[in-house]
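A.B. asks: sequence first, then the predicted structure, then my questions.
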Amino acid sequence: MLTSFSTLAIEQCEKMLDALPGTEPIIHASFYRVSAAFDQVRKNYAGFYKNSLLFLACTPLESLSTEEKIQRTYDLGIAALLGETVYNFGELVSGLDLLWLCPPVPSHQVFLLLARARHPGGFEGNAQ
């Protein structure tokens, strides 16, 4: 019941946002952040992936804390691997600067190695 209500509320907000002319990027970023968080809770990996990338497109990277960059990067990578309709993990790795701006985190090393293996030779300067 709560999930249905939440889904309906997010869909209505999206329609209202789309109808507003000249909306500031921060408004869109807030919407995409909430949508991504909701998708993550529901384990909708493809939705989380899409809404997270839209959030990042509307958000200056310098406004995110290092911890948020690390967690968001890791979560995006997992979503790219698990999302049924996400077919472009390579684009995520090559285009997402967050991955290379973050300090190494031991619990995330497997993901970083996988990402680097996916694009050998492209990130020599970032090797640890």
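C.D. replies: Great, that's in hand. Numbers count the residues shown, from 1 in each chain.
A.B. asks: give me the number of residues near Ala57?
C.D. replies: The tally of other residues near Ala57 (other CB atoms under 10 Å) stands at 11. Using the backbone N, CA and C atoms, a C-beta is placed for each residue, glycine as well.
A.B. asks: the one 3 residues further on now?
C.D. replies: Pro60 has 10 neighbours, counted by other CB under 10 Å.
A.B. asks: same check on the one 3 residues further on?
C.D. replies: Neighbours of Ser63 under the rule other CB under 10 Å: 9.
A.B. asks: distance of it from Thr3?
C.D. replies: Remark: distance between Ser63 and Thr3 (CB to CB, to the nearest Å) = 30 Å.
A.B. asks: so in the protein, where's the weakest helix or strand by average pLDDT?
C.D. replies: Ranking every helix and strand in the chain by mean pLDDT, DSSP states H and E puts helix 98-101 at the bottom, with a mean of 52.
A.B. asks: in the protein, where is pLDDT below threshold?
C.D. replies: 1-2, 87-128 (pLDDT under 70).
A.B. asks: quick one: the helices in it?
C.D. replies: In chain order, the chain shows helices spanning 2-19, 25-41, 45-57, 66-82, 89-95, 98-101, 109-118, with DSSP state H as the criterion.
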